[in-house]
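Q: Sequence first, predicted coordinates after that:
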Amino acid sequence: MSFESQGALEGSAQSNSRRPPFFFREEYSSLIVKGNFMTLAAKPKLVEDGEWLAHQVVEQYRLLEQMIDIIKVVDEKKGLPICNADVCPTMSASGHTYTWLDNKKNPIKIPAIQYINLVQKWIVGKINDPTIFPTDTSAFNASVAAASYPSGSLTPISQPPQPLGPTSLSAPLSQLSGRDWLGKSSGFPEHFESDIKSIYRQMMRCYAHIYHGHWLEPFWNINAYKELNTCFIHFINVGKLFNLLGDKEIEPMQPLVDVWLAKGLLPPPPNTNPGQQQQLKENVNVNMGGQPAGQAV
């Protein structure tokens, strides 16, 4: 199978008759760290936009990979990973079903674990491609060394990519001065922005499946849902701040995002007036009580 256009989306309607999942409720939206996630995502003044976003995308994938590892743990009784073809026959989340493109570019439904494995392979291939993510980090590390992060941050500066000159363009930058793109001044390729948006879109789908398919088992049952929330809010903050995600991609997880917006943990959308913010808080407060079945925390 090949991964050419990051999959197709089918069926986005949600059933209004269903009770909201527990992870959409304020009482289960807590995090493991305190700090301003907007500060974590803010670009240091001396760092070029492309360099910072390359670092952020690599870091966000590292955090997502840790969450994926949890759903790949093998159940000793069944001899299968928690996410397997029997329990997750499709890559889905809240009425959304994500399909893969086969070698003939036809969309096909495949088990979630197979989809996630292919996504990981594709993302790692992109990150390790020096024409997209150059790997000389010396100058970048020096420029971000002074950046401060709140205590307990999940995002230490560790080997972010640093481009040095045009890596995938046949002509020197001096001959391309008539066009501009994200990361051009640091030598990122012209398609860099579309590449990182595609990567971010696929990571969003993985998070959506993890929540809708595995929040109870394993994250609630092993008391790790706060870790999942922390990784996800950081991911969403970066995606919204740098326009890497659209409303359509966030839709399966929008109620949880609204909870964090109402609590002031995420920046409000542009042009949101105080009345709209108050309405958002009132909507979030209208949730259903109860406790998930399974191991208590």
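A: Yep, that arrived. Source: prediction; values computed, not measured.

Q: make it CA atoms for all contacts and neighbour counts henceforth
A: Fine.

Q: can you tell me the distance between the two ends of stretch 32-44?
A: 25 Å (Cα to Cα, to the nearest Å).

Q: Pull the residues that contact whichever strand or helix holds residue 121.
A: Using DSSP states H and E, residue 121 sits in helix 112-127. Applying Cα atoms under 8 Å, 6 or more residues apart in numbering, the external contacts of helix 112-127 come out as 3, 58, 83-85, 88-92, 100, 132-133, 199, 202, 206, 209.

Q: swap in stretch 71-84?
A: 111-113, 210, 214, 217-218.

Q: now, which of those residues sits nearest residue 20?
A: Within the contacts of stretch 71-84, proximity to residue 20 (Cα to Cα) peaks at residue 214, which comes in at 15.1 Å.

Q: That closest one: which element?
A: Counting by DSSP H and E, residue 214 is part of helix 192-214.

Q: if you average pLDDT over that helix, what comes out?
A: Averaged over helix 192-214, pLDDT sits at 96.

Q: For the helix or strand following that helix, which residues meet the burial criterion?
A: Going down the chain from helix 192-214, the next helix or strand is helix 225-241, by DSSP H and E. Of the residues in helix 225-241, 225-240 count as buried by neighbour count, 16 or more other Cα atoms under 10 Å.

Q: for the stretch 1-150 of the chain, what spans make up the helices?
A: 37-41, 49-71, 112-127, 138-144 (DSSP state H, counting those that start in this stretch).

Q: Can you lay out these as a markdown table showing mean neighbour count?
A: Formatted as a markdown table, those follow (neighbours: other Cα atoms under 10 Å):
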| stretch | mean neighbour count |
| --- | --- |
| helix 37-41 | 18 |
| helix 49-71 | 19 |
| helix 112-127 | 18 |
| helix 138-144 | 15 |
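
Q: which residues of the stretch 51-200 of the chain score low on pLDDT?
A: Low-confidence segments of the stretch 51-200 of the chain (pLDDT under 70): 135-178.

Q: separation between residue 65 and residue 73?
A: Residue 65 sits 13 Å away from residue 73, going by Cα to Cα.

Q: repeat for residue 188
A: Look at residue 188 and residue 73: by Cα to Cα, they are 37 Å apart.

Q: Now the terminal residues of stretch 211-225, how far apart.
A: Start-to-end, stretch 211-225 (Cα to Cα) is 9 Å.

Q: tell me which residues in it are buried?
A: Using 16+ other Cα under 10 Å as the test for burial, stretch 211-225 gives 211-221, 224-225.

Q: just to revisit the earlier point, only whichever of the contacts of helix 112-127 are buried, select them in ChimeraX.
A: Buried residues within those, by 16+ other Cα under 10 Å, are selected in ChimeraX with:
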select :58,83,84,85,88,90,91,92,100,132,133,199,202,206,209
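
Q: Filter the contacts of helix 112-127 down to the ones in strands?
A: Counting by DSSP state E, the part of those found in strands is 91-92, 100.

Q: which residues does the closest residue to residue 208 other than its chain neighbours contact?
A: Spatial nearest neighbour of residue 208, excluding adjacent residues (Cα to Cα, 6 or more residues apart in numbering): residue 93 at 5.7 Å. If a contact means Cα under 8 Å, 6+ apart, then residue 93 has 205, 208-209, 211-213, 252 as its contacts.
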